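A.B. asks: need the 3D shape of this:
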Amino acid sequence: MNRYLKALLIGMMVLGAALLVGLALATRSSMGFESQYSTLLILNAAVIVVMIGLLVVLAYWLLQRFRKRVFGTRLLTRFALSFALLGIVPSVLLFWFVHHLLSAYDRLVVHFQIRRCF
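C.D. replies: Model prediction:
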């Protein structure tokens, strides 16, 4: 992998982490960050777009290595897919669990409010 691509990837990860911390601080309604919330949100979206672009470039690089039959590419592909699944599967399970928990809580609150009206 190109040295500049590695530096760009690490730089975007650091910038994304810093922006995410800024966005988390802005959601606390602190007066200093309240005016900058939309800017932080746009910058976070830009970092996400650049990171997705980097992932596409790295996937293309891996595909090119796979087509050239470079030694170790199959193992590298397995590692990449394993790390992707380790990131995606727990996130999806957590989202599913929280979604169902919150929807059940909403139904419970609405049910008790309707009962209280009658």
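A.B. asks: going forward, measure contacts between C-alpha atoms and count neighbours the same way
C.D. replies: Noted.
A.B. asks: which parts of this structure are helices?
C.D. replies: 3-26, 31-34, 37-67, 73-117 (DSSP state H).
A.B. asks: weakest of those helices in terms of mean pLDDT?
C.D. replies: Ranked by mean pLDDT, the helices of the chain end with helix 31-34 at the bottom, a mean of 66.
A.B. asks: dump the helices of the chain into a markdown table; add mean neighbour count as well.
C.D. replies: What follows is those, written out as a markdown table (neighbours: other Cα atoms under 10 Å):
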| stretch | mean neighbour count |
| --- | --- |
| helix 3-26 | 14 |
| helix 31-34 | 13 |
| helix 37-67 | 15 |
| helix 73-117 | 11 |
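A.B. asks: chain neighbours aside, what residue packs nearest to the residue nearest the centre of the chain?
C.D. replies: What sits nearest the mean C-alpha location of the chain, by Cα atoms, centre = their mean, is residue 48, with 7.5 Å. Excluding its sequence neighbours, the residue lying closest to residue 48 (Cα to Cα, 6 or more residues apart in numbering) is residue 16, at 7.9 Å.
A.B. asks: residue contacts, that neighbour?
C.D. replies: In this structure, residue 16 makes contact with 44, 47, 48, judged by Cα atoms under 8 Å, 6 or more residues apart in numbering.
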